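Asker: Below: sequence and its predicted model.
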Amino acid sequence: MAAERPQSRLNAEVAGAGVVGLACATELLARGVRVTIHERGPRVGAEACSWYAGGMLAPWCEGESAEEPVVRLGQQAADWWERHACSVTRNGTLVVAPSRDRSELRRFGQRTSHFEELDGEAIAGLEPDLAGRFARGLFFAEEAHLDPRTAIVALADRLVSNGAAIHVNSAVEPADLDADVVLDCRGLAASDALPDLRGVKGEMLLLRSGDISLSRPVRLLHPRIPLYIVPRADGLFMVGATMIESGERRRISARAMLELLGAAYALHPAFAEAEVVEIGTDARPAFPDNLPRLTRRGRVIHVNGLYRHGFLLSPAMARMAAEAALNPQSTPEMLHDLAA
């Protein structure tokens with residue numbers, strides 16, 4: 001028999017049904033809070049950059065450029081997603097670089113941990129289709145990945161089956177919602193309330209190829225544009241993602257398209273014949289330090305600024321937000337204060 005859900009008298013409303021909003025709703029519901037979610041788009045995830053995410057649960061790789069809380073808090077993500085939404089592929093992450101960029105591989109290793117150094121033969125053992133293409137690599141065996149779209153839909157379905165309400169085409173202002181506590185998870189749309197929030201544009205491609213198979217995300221290092229290729233079902237590969245200081249959300253540049261396609265081709269020439277299934281662009285919400293924050297203003301808690309770590313940090317941020325909703329006095333402003 002399933003354990004009975006703890007009961008709470010609180011009513012909560014969540015603005016935004018991207019990865020952050022759905023994760024927060026999941027943690028609130030688990031604590032017995034009655035939850036209603038408002039999504040401004042026509043479907044869950046439709047207006048969120050979550051839809052175009054890579055889905056890499058790679059805390060140690062992210063440590064190459066992210067602060068310590070990202071590495072530490074991201075380590076709980078894979079278990080959380082498997083428990084609450086969908087299966088997670090735990091095949092690790094492979095990091096490689098062309099011979100001319102070998103110094104980038106050394107630099108990446110110096111800034112990260114929890115990896116094994118591989119030679120060309122070991123790389124071929126992990127990914128046979130990359131045999132002979134790279135002489136050195138780094139393997140982060142404890143990392144994982146998921147399909148973001150599958151995860152978003154599964155999380156929403158589970159919320160509804162457990163009693164939450166989700167309203168689409170519902171463009172609400174958090175301050176106008178009538179609830180005991182309101183979680184503002186609108187991403188970049190919340191810049192009206194969070195003036196130091198900025199957009200960091202990301203562009204991605206979805207390719208289909210039957211000529212190459214990969215078992216795990218592969219990061220291809222380059223001095224200017226380190227990119228990644230993530231395998232999905234049915235011969236699909238997500239290639240991403242650029243990082244451009246811009247809040248512009250709907251246009252890919254010719255330069256970005258060339259860089260993404262060039263990265264795929266550099267990994268394996270078979271991608272030259274791949275079908276371009278989809279082009280995606282959106283702007284990730286970020287604060288000046290690229291760390292997320294919880295900010296309370298009365299009964300409204302803003303959960304924002306996850307930058308490029310939406311699926312990686314949403315579980316930890318959701319847990320903190322739910323605890324803050326139930327214990328108002330325990331809510332400091334900054335993530336690293338909560339997580340110290």
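Answerer: Here it is on my side, so go on.
Asker: which residues of this protein score low on pLDDT?
Answerer: Within the chain, the ranges that satisfy pLDDT under 70 run 1-8, 46-48, 330-340.
Asker: how does it look with 80?
Answerer: The model of the chain has pLDDT under 80 over residues 1-9, 45-48, 222-226, 241-243, 246-250, 328-340.
Asker: Might one say that residue 61 is in contact with residue 140?
Answerer: Yes. Shown here, residue 61 and residue 140 form a contact pair, counting by Cβ atoms under 8 Å, at 5.7 Å. Any C-beta I mention is one placed from the backbone N, CA and C, and that applies to glycine too.
Asker: Could you pull out the residues contacting both of these two?
Answerer: Shared contacts of residue 61 and residue 140, defined by Cβ atoms under 8 Å, 6 or more residues apart in numbering, are found at 93, 95, 112.
Asker: so can I have a markdown table of those residues showing secondary structure, neighbour count and distance to residue 130?
Answerer: Putting the shared contacts of residue 61 and residue 140 into a markdown table (DSSP: H, G, I helix; E, B strand; the rest coil; neighbours: other Cβ atoms under 10 Å; distance: Cβ to Cβ, whole Å) gives the following:
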| residue | secondary structure | neighbour count | distance to residue 130 |
| --- | --- | --- | --- |
| 93 | strand | 25 | 14 |
| 95 | strand | 27 | 12 |
| 112 | coil | 20 | 20 |
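Asker: and which of those residues is nearest to residue 160?
Answerer: residue 93 (32.8 Å; Cβ to Cβ).
Asker: What residues are bridge-paired with that closest one?
Answerer: residue 140 (DSSP bridges).
Asker: what's the spacing between it and residue 281?
Answerer: Applying Cβ to Cβ, to the nearest Å, the value for residue 93 to residue 281 is 24 Å.
Asker: do the same with residue 302
Answerer: From residue 302 to residue 281 the distance is 25 Å (Cβ to Cβ).
Asker: For the two, work out which one has more neighbours and name it.
Answerer: residue 302 (23 against 20; other Cβ atoms under 10 Å).
Asker: and that one, helix, strand or coil?
Answerer: strand (DSSP: H, G, I helix; E, B strand; the rest coil).
Asker: for the protein, longest helix please?
Answerer: helix 310-326 (DSSP state H).
Asker: what distance separates that one from the middle of the whole chain?
Answerer: The chain centroid and the centroid of helix 310-326 are separated by 14 Å under Cα atoms, centre = their mean, to the nearest Å.
Asker: Assumed residue 265 was part of a helix.
Answerer: Yes. Counting by three-state DSSP, residue 265 is part of a helix.
Asker: Settle this for me: it is touching residue 272, isn't it.
Answerer: Yes. At 5.5 Å, residue 265 counts as touching residue 272 under the criterion of Cβ under 8 Å.
Asker: mind checking how far the closest residue to residue 268 other than its chain neighbours is from residue 150?
Answerer: Nearest non-adjacent residue to residue 268, counting by Cβ to Cβ, 6 or more residues apart in numbering: residue 212, 5.1 Å away. Between residue 212 and residue 150 the distance is 22 Å, computed by Cβ to Cβ.
Asker: who's more crowded, these two?
Answerer: Legend: neighbour count by other Cβ under 10 Å for residue 212 and residue 150, higher for residue 212 (21 against 15).
Asker: Isn't that one up against residue 273?
Answerer: No. With contact defined as Cβ under 8 Å, residue 212 does not reach residue 273; the gap is 9.8 Å.
Asker: Give the residues shared as contacts by those two.
Answerer: In contact with both residue 212 and residue 273: no residue, using Cβ under 8 Å, 6+ apart.
Asker: and of the shared contacts of residue 61 and residue 140, the nearest to residue 157?
Answerer: residue 93 (28.2 Å).
Asker: what about the helices in this structure?
Answerer: Using DSSP H, helices in the chain cover 19-30, 59-62, 68-74, 77-84, 102-110, 120-126, 148-161, 254-267, 310-326, 335-339.
Asker: in the stretch 101-250 of the chain, which spans are strands?
Answerer: For the stretch 101-250 of the chain, the strands defined by DSSP state E, counting those that start in this stretch cover 116-119, 136-140, 144-145, 165-167, 181-184, 198-208, 218-220, 227-231, 236-240.
Asker: if we can go back for a sec, output the contacting helices and strands for the longest helix of the chain.
Answerer: Helix 310-326 sits against helix 19-30, strand 56-57, helix 68-74, helix 77-84, strand 181-184, strand 293-297, strand 300-304, helix 335-339, with contacts defined as 3 or more Cβ pairs under 8 Å, 6 or more residues apart in numbering; DSSP states H and E.
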